[in-house]
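>>> sequence below, structure please.
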Amino acid sequence: MTMNAPNEGIAFWWIRMIYFFCIPIPVIFLHFILAYLKLIQEKKLMLLISYLVCILFLGLNCTNLIIEDIMTQRVLRYFGVPGKVYFLFVITWFILLLLCFKEMIRSYKASSSYKRNQIKYLIVASIIGFTGGSTTYLPALNIESLPYAPYGHYFVSLYTLVITYAIVKHRLMDINIVFKKGVTYAYASLLLLIPLFLLFLYGQHVAFKAVNYTFSIFMLCVIVVAAYFFPKVKVRAEKTVEQFIFKNKYDYRKTISDLSRAMVSILNSNDLCIKIITTTADALMVEKASIYILDEEDSFYKLYESMGITKEEIVSNYHKEDPFFKWIEGHREILIREELERYTTDTEAMSVVERMNQMESEICIPLITKQKLIGIINLGIKGRGEMYTNEDLELLTTLSNQAAIAIENAKLYEDLSKTRVLMQRADRLASLGTLTAGLAHEIRNPLVAIKTFTQLLPERFDDDEFRNHFLNVTAGEVDRISSLVNELLDFARPSQPNLNKEDLNQIVEKMLLLVATESHKKNLQIIKEFHQSLPPVVLDKEQIKQVFLNILLNAIDATPENGAITVGTKLIEKDGYQKYVQIAVRDTGRGIPKEDLDRIFTPFYTTKHQGSGLGLAISHQIVREHNGSIEVESEEDQGTTFYVNLSINPLLTQKGRTTEAIK
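Okay, the predicted model is just below:
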């Protein structure tokens with residue numbers, strides 16, 4: 001443009017226009033590099049300062065401080081004479097470029113091979129483009145001897161080619177997204193900036209009878225930058241105003257937001273309702289609050305928790321078909337008692353108002369999930385008699401949606417826990433059924449011996465040897481029967497989770513006693529390899545008994561007659577520091593096919609004709625809840641070994657588990 005300018009005035013205007021577009025280049029490039037390297041948040045202060053400096057130089061470009069005059073040049077014909085801050089501008093320009101290269105090189109060293117390859121192309125393209133482009137400053141520095149100086153900007157085309165190659169070949173960026181955003185921003189800019197620019201020109205013509213194109217373009221650039229930063233500044237300003245002027249409102253909104261996040265981790269419906277009521281009431285300074293949740297089994301909405309209201313003051317249960325709850329389910333929005341009372345004359349609505357008065361509820365918030373009302377939250381009058389604002393209602397609406405989902409999830413988790421308990425009981429009963437027939441025979445044999453001795457006792461009462469032998473045998477058999485019956489009763493009796501330090505050797509011994517009859521039927525040899533100095537393990541004895549009984553019965557079932565089962569215990573270490581007690585049960589049976597090994601812990605999977613498929617699945621779950629592991633090794637026709645590894649101190653609360661998890 002300067003080469004074709006008819007006079008110095010036009011050339012001077014074009015030179016300033018060129019600098020208007022040249023000044024933002026390093027700042028925009030820095031923004032691009034930081035965005036590509038995902039460093040915007042980390043370097044946002046640096047980026048903000050860079051944009052402010054850019055705006056400053058754009059403003060100075062309207063004066064003679066950057067370009068103060070025109071000079072003739074051998075090739076370009078006209079070129080700008082540097083002003084007082086020209087060299088400061090050039091130094092700043094190159095400093096910003098160096099910052100870009102510094103971030104690219106740092107990321108190049110820290111990135112993976114694929115990312116490094118992308119950054120490499122970006123560095124090479126940038127060196128080519130900016131090295132060539134920067135030579136256009138040489139004439140202003142009175143360096144005219146270099147023949148390529150006016151043509152260095154053609155190197156920018158090579159930059160574009162290298163970047164294009166990197167995009168296509170190495171997926172430098174998603175070209176579809178770039179194209180879509182580029183077209184969108186360009187179209188939006190044309191729609192807004194062209195009319196705005198024309199308006200500037202018209203306004204100057206009307207007001208000053210003259211038009212300054214440089215000033216108009218500068219103002220347009222300022223507006224663009226302001227439009228970019230306005231949303232960010234607006235958010236920060238709102239937060240600052242809320243924190244200092246409306247501090248109480250800001251605090252309660254933050255509290256409610258924190259509650260929304262906390263609800264996800266609470267899986268007990270009672271605890272969840274308490275958390276919702278207490279936190280919401282405290283945040284809004286409400287003295288009275290209550291929450292009703294639907295009990296599907298009883299078809300009643302039950303009062304789960306209340307605050308500032310005694311249960312004697314309000315009704316605890318309402319039937320599912322109660323008109324009040326049906327009305328709420330039909331309207332699906334927050335009910336405000338005062339508005340209903342003031343603006344509604346409908347009889348049905350007035351009965352709703354009456355019910356809200358009974359519940360001491362100023363607003364009633366429905367809890368709806370899957371198009372179904374699962375409960376309501378009642379909040380009384382706010383502290384100091386303040387009204388509930390639209391902002392309060394919007395926040396409570398959001399909270400109610402999240403609370404409904406959280407309560408539904410908690411109830412599903414509780415149902416799952418109940419189902420698991422029922423499955424454990426079913427498996428326990430199945431094991432008892434297997435043992436009962438054998439135990440009856442085991443008890444009958446010593447009773448026959450006792451009966452025989454009792455019948456012979458009157459005839460041989462004076463025989464001291466017989467009498468002593470009778471006492472020893474009878475006492476031993478009675479103790480044996482007592483042990484069997486006690487173990488059977490302990491195993492059959494439902495018990496609450498009870499974590500104590502236990503001796504695993506003793507537990508295994510008792511389970512071997514219970515299965516002794518089954519092993520005798522097949523003439524199996526039971527080999528014990530117990531470590532005699534095992535430390536005690538924190539566990540639920542009755543649940544671990546169920547694990548061992550399942551594994552032992554499976555081993556007996558899999559082992560052919562006259563085979564052997566080896567039961568051993570030992571102390572092992574995992575991960576180099578964590579100590580476990582390992583119980584190994586090895587049989588000499590037919591083994592488990594490889595294709596079945598991955599499925600043996602799947603519920604209801606079984607290869608037995610009479611099996612339920614629950615035993616190993618439940619055993620696996622119990623061991624996991626004790627922060628342990630259960631493993632299996634098997635070779636067909638060689639036998640199977642089950643390893644149960646129990647941590648010496650399982651800490652059931654680890655990883656989000658609680659003792660509630662094994663109920």
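>>> per-domain residue ranges of this structure.
Taking automatic domain parsing as the reference, the chain has its domains at 8-173, 249-413, 495-662.
>>> of all those domains, which lies closest to Ala237?
domain 249-413 (13.3 Å; CB to CB). All C-beta spots, glycine's among them, are computed from the backbone N, C-alpha and C.
>>> ok, back up a step: redo the domains of the chain as JSON lines? Include mean pLDDT.
What follows is the domains of the chain, written out as JSON lines (pLDDT from 0 to 100):
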{"stretch": "domain 8-173", "mean pLDDT": "77"}
{"stretch": "domain 249-413", "mean pLDDT": "83"}
{"stretch": "domain 495-662", "mean pLDDT": "80"}
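>>> which one of the ones you listed lies nearest to Ile217?
Closest among the domains of the chain, using CB to CB: domain 8-173, at 5.8 Å.
>>> before we move on, back to that, mind checking the domains of the chain for the one nearest to Ile450?
Between Ile450 and the domains of the chain, the shortest separation by CB to CB is 18.2 Å, and it involves domain 495-662.
>>> residue ranges of the strands in the stretch 1-150 of the chain, please?
67-73, 77-82 (DSSP state E, counting those that start in this stretch).
>>> how about the stretch 551-663 of the chain?
564-574, 578-587, 629-635, 639-647.
>>> which one of those lies nearest to Tyr121?
Nearest of those to Tyr121, taken as CB to CB: strand 564-574 at 46.4 Å.
>>> give the buried residues for the closest one.
Buried residues in strand 564-574, defined by neighbour count with 16 or more other CB atoms under 10 Å: Ile565, Thr566, Val567, Gly568, Thr569.
>>> correct me, but the first one touches Gln525?
This points to Ile565. Yes. The pair Ile565 / Gln525 is scored as a contact, 7.3 Å apart, by CB atoms under 8 Å.
>>> and for Arg236, the neighbour number?
10 (other CB atoms under 10 Å).
>>> assign a three-state SS to it, would you?
Three-state call for Arg236 (DSSP: H, G, I helix; E, B strand; the rest coil): helix.
>>> tell me the SS of the residue of the chain positioned farthest from its centre?
Within the chain, the residue lying farthest from the chain centre (CA atoms, centre = their mean) is Asp462, at 81.3 Å. Per three-state DSSP, the secondary structure class of Asp462 is coil.
>>> what ranges does the stretch 201-350 of the chain have for its helices?
With DSSP state H, counting those that start in this stretch as the criterion, the stretch 201-350 of the chain has helices at 213-244, 247-263, 269-284, 323-331, 337-343, 347-358.
>>> single out the most deeply packed of the ones you listed.
Greatest average neighbour count among the helices of the stretch 201-350 of the chain goes to helix 269-284 (a mean of 19), per mean count of other CB atoms under 10 Å.
>>> dump the C-alpha coordinates for that one into PDB.
C-alpha atoms of helix 269-284 as PDB (Å, rounded to 0.1, in the frame of the first residue of the first chain):
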ATOM      1  CA  SER A 269     -30.900 -41.800  53.700                       C
ATOM      2  CA  ASN A 270     -31.300 -40.800  57.300                       C
ATOM      3  CA  ASP A 271     -27.900 -39.100  57.500                       C
ATOM      4  CA  LEU A 272     -28.600 -37.500  54.100                       C
ATOM      5  CA  CYS A 273     -31.900 -36.000  55.300                       C
ATOM      6  CA  ILE A 274     -30.300 -34.700  58.500                       C
ATOM      7  CA  LYS A 275     -27.600 -33.100  56.400                       C
ATOM      8  CA  ILE A 276     -30.000 -31.500  54.000                       C
ATOM      9  CA  ILE A 277     -32.300 -30.100  56.700                       C
ATOM     10  CA  THR A 278     -29.600 -28.800  59.100                       C
ATOM     11  CA  THR A 279     -27.400 -27.200  56.400                       C
ATOM     12  CA  THR A 280     -30.300 -25.600  54.500                       C
ATOM     13  CA  ALA A 281     -32.000 -24.300  57.600                       C
ATOM     14  CA  ASP A 282     -28.700 -22.900  59.000                       C
ATOM     15  CA  ALA A 283     -27.800 -21.200  55.700                       C
ATOM     16  CA  LEU A 284     -31.100 -19.500  55.300                       C
END
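>>> which strands or helices does it pack on?
Applying 3 or more CB pairs under 8 Å, 6 or more residues apart in numbering; DSSP states H and E, one finds that helix 269-284 contacts helix 247-263, strand 289-295, strand 300-307, strand 372-379, helix 390-456.
>>> nearest to Pro26, of the buried residues of strand 564-574?
Thr569 (71.5 Å).
>>> touching, that closest one and Tyr580? I think so.
No. If you go by CB under 8 Å, Thr569 and Tyr580 don't touch, sitting 10.9 Å apart.
>>> for the stretch 501-650 of the chain, what spans make up the helices?
So, for the stretch 501-650 of the chain - with DSSP H, counting those that start in this stretch - the helices run 504-521, 541-558, 594-597, 615-625.
>>> redo the ones you listed as JSON lines? Include mean neighbour count.
What follows is the helices of the stretch 501-650 of the chain, written out as JSON lines (neighbours: other CB atoms under 10 Å):
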{"stretch": "helix 504-521", "mean neighbour count": "18"}
{"stretch": "helix 541-558", "mean neighbour count": "22"}
{"stretch": "helix 594-597", "mean neighbour count": "11"}
{"stretch": "helix 615-625", "mean neighbour count": "21"}
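>>> returning to what we had before: let me have the domains of the chain in CSV, extended by distance to Arg236.
CSV is the format used below for the domains of the chain (distance: least, CB to CB, whole Å):
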stretch, distance to Arg236
domain 8-173, 11
domain 249-413, 14
domain 495-662, 36
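>>> quick one: closest of those to Val211.
domain 8-173 (11.5 Å).
>>> Ala410 - how many residues pack around it?
Quick note: Ala410 (other CB under 10 Å) scores 20 neighbours.
>>> with Gln455 instead?
Neighbour number of Gln455 under other CB under 10 Å is 9.
>>> check it and give its pLDDT.
In this model, Gln455 is scored at 70, pLDDT.
>>> so Pro323 sits against Ala349, correct?
No. Using CB under 8 Å, Pro323 makes no contact with Ala349, being 11.1 Å away.
>>> what about Leu98, neighbour count?
Neighbours of Leu98 (other CB under 10 Å): 10.
>>> still on that earlier bit, relative to Val224, which of the domains of the chain is closest?
domain 8-173 (9.9 Å).
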